[in-house]
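Enquirer: Following is a predicted model, sequence given first.
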Amino acid sequence: MGGAPGMGGAPGMGGAPAVDCQALCFPAARCATQAEPTDHCPGTWFVETRDIIGQCVARCADDADAAARLTDAADCAETVAILSEDADFADLCQNGTPLPPAVDACDVQGARIAACVTAACANAADIEDGVAGLYALNCAGAVAFGAITPEQAAAIDADTPCDDPAVDAQVTDLLTMGNPQLFLPPFAPLCDDGPQVSVDDCQTLCDHAEACAPATSVLRDRDICLAACVPLSGPEGVQQTECVTGVDTCNGFAACYTGG
């Protein structure tokens, strides 16, 4: 039947097919996060891929012109330029996500939670500094966003007992469920059986993270990176950690986690 003149056709009736935003945005996100041959977005890397896909899909669905131009983009430089028309994306692309300012009370809180993790999980002793750093950053982020005050953060201090409900809840959650927001997998396998991955492989992984992560990434910190790696377990965690020992580029490092 065709569409009305000058109005395009309805989908399925001779008009232009609907854009598959998900299919369009996956390679667009890869353009934004790849490091070689050109790092178009020095503020991002592969761990932001899912968030960038989400931003791109929303833009694609709401802006038919942008969707058409992304479809026709000749290369990654053009793709990133189109995505960067959004001011928030442009800022992320160039500057990354800034770390929150340090908060003294949060440093104390992080150290206490980490000490209690070690008390419950002796095999986590070697990564206690990294665990402390991640919990301190999490607390500082909450202060920065106004979710808590420094005075509230100070409710957990160096003398807070490990069986305090606020501390015990965080330790129990970390052991059983992990804390994906902090890049921490469940600690239970580490606690019960020791490291399931090679600590030497984790050191290599952290060499790559230091070289490839944006300047604002917490994973550039060696202690924090090791805290995120050493507790990994299961076939996927072991395979990914082994994979990084055989790569020598940032794209190769990313491919160990993204599959290509």
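Expert: Sure thing, it's come through. Numbering: from 1, shown residues only.
Enquirer: Is the most centrally placed residue in the chain part of a helix or strand, or is it coil?
Expert: Note on the chain: the residue nearest the mean C-alpha position is Val47, at 4.1 Å, using Cα atoms, centre = their mean. Three-state assignment for Val47 (DSSP: H, G, I helix; E, B strand; the rest coil): helix.
Enquirer: Look up phi and psi at Lys179.
Expert: I think there's a mix-up here, since residue 179 is Asn and not Lys. Here is the backbone geometry of Asn179 (degrees, to the nearest 10): phi -140, psi 90.
Enquirer: Which residue is the nearest non-sequential neighbour of it?
Expert: Leaving aside its chain neighbours, Asn179 sits nearest to Asp173 (6.8 Å; criterion: Cβ to Cβ, 6 or more residues apart in numbering). (Each C-beta comes from the backbone N, C-alpha and C, glycine too.)
Enquirer: picking up where we left off before, how about the residue nearest to the centre of the chain, what does it touch?
Expert: Ser217, Leu219, Tyr257 (Cβ atoms under 8 Å, 6 or more residues apart in numbering).
Enquirer: Okay, it and Asp200: tell me how far apart.
Expert: 23 Å (Cβ to Cβ, to the nearest Å).
Enquirer: ranges for the helices of the protein?
Expert: 21-33, 49-62, 64-72, 76-83, 87-95, 104-120, 128-144, 150-153, 165-176, 188-193, 199-212, 222-229, 234-243, 250-258 (DSSP state H).
Enquirer: now Pro231: how far from Gln34?
Expert: Applying Cβ to Cβ to Pro231 and Gln34 gives a distance of 28 Å.
Enquirer: okay, these two: which has more neighbours?
Expert: Using other Cβ atoms under 10 Å, the more surrounded residue of Pro231 and Gln34 is Pro231, with 28 against 22.
Enquirer: quick one: contacts for that one?
Expert: Ala124, Ile127, Gly178, Leu184, Pro185, Pro186, Phe187, Pro189, Leu190, Pro195.
Enquirer: So for the fifth one, what's the nearest residue that isn't a sequence neighbour?
Expert: Right, the one you point to is Pro185. Per Cβ to Cβ, 6+ apart, closest to Pro185 is Gly178, 4.4 Å.
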